[in-house]
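Trainee: Fold the following, please.
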Amino acid sequence: MNLSSRRAWLLAAVSAGLIAAYLFYPEHRQHLFGLIPYAFLFACPLLHFFHGGHHHGQHRRSGEQRP
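Mentor: Residues are numbered from 1 along each chain as shown. Sure thing, here's the model as predicted:
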């Protein structure tokens, strides 16, 4: 298996994160479920902010029709 250095570090970081999540989940389950509504509230403005620049080519001049 020939992985680049960056990809190897990414795989190690993701693996460590998954192991940590598996170990901490049972003890902190109530805290995590309590944060879910706040995560949605925080994600909504971020999605609107980052989505705004992806409308390139959607504006047509008056009189132009769709192909």
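Trainee: For the rest of this, base every contact and every neighbour count on C-alpha atoms.
Mentor: Noted.
Trainee: State the three-state secondary structure for the residue nearest the centre of the chain.
Mentor: The C-alpha lying nearest the average C-alpha coordinate of the chain belongs to Ala43 (C-alpha atoms, centre = their mean; 9.1 Å). Per DSSP: H, G, I helix; E, B strand; the rest coil, the local secondary structure of Ala43 is helix.
Trainee: so who does Val14 touch?
Mentor: For Val14, the contact set (C-alpha atoms under 8 Å, 6 or more residues apart in numbering) is empty.
Trainee: gap between the residue nearest to the centre of the chain and Gly34?
Mentor: The gap separating Ala43 from Gly34 is 15 Å, by C-alpha to C-alpha, to the nearest Å.
Trainee: just Cys44 next, same as before
Mentor: From Cys44 to Gly34 the distance is 17 Å (C-alpha to C-alpha).
Trainee: quick one: the helices in the chain?
Mentor: 5-51 (DSSP state H).
Trainee: Can you pull out the low-pLDDT segments for it?
Mentor: Applying pLDDT under 70 to the chain flags residues 1-3, 52-67.
Trainee: Now with 80, please.
Mentor: When residues are selected by pLDDT under 80, those of the chain lie in 1-3, 50-67.
Trainee: what's the neighbour count on Leu11?
Mentor: Leu11 has 13 neighbours, counted by other C-alpha atoms under 10 Å.
Trainee: start at 57 instead
Mentor: In the new numbering, first residue 57, that becomes Leu67.
Trainee: now it: how far from Leu79?
Mentor: In terms of C-alpha to C-alpha, Leu67 sits 18 Å off from Leu79.
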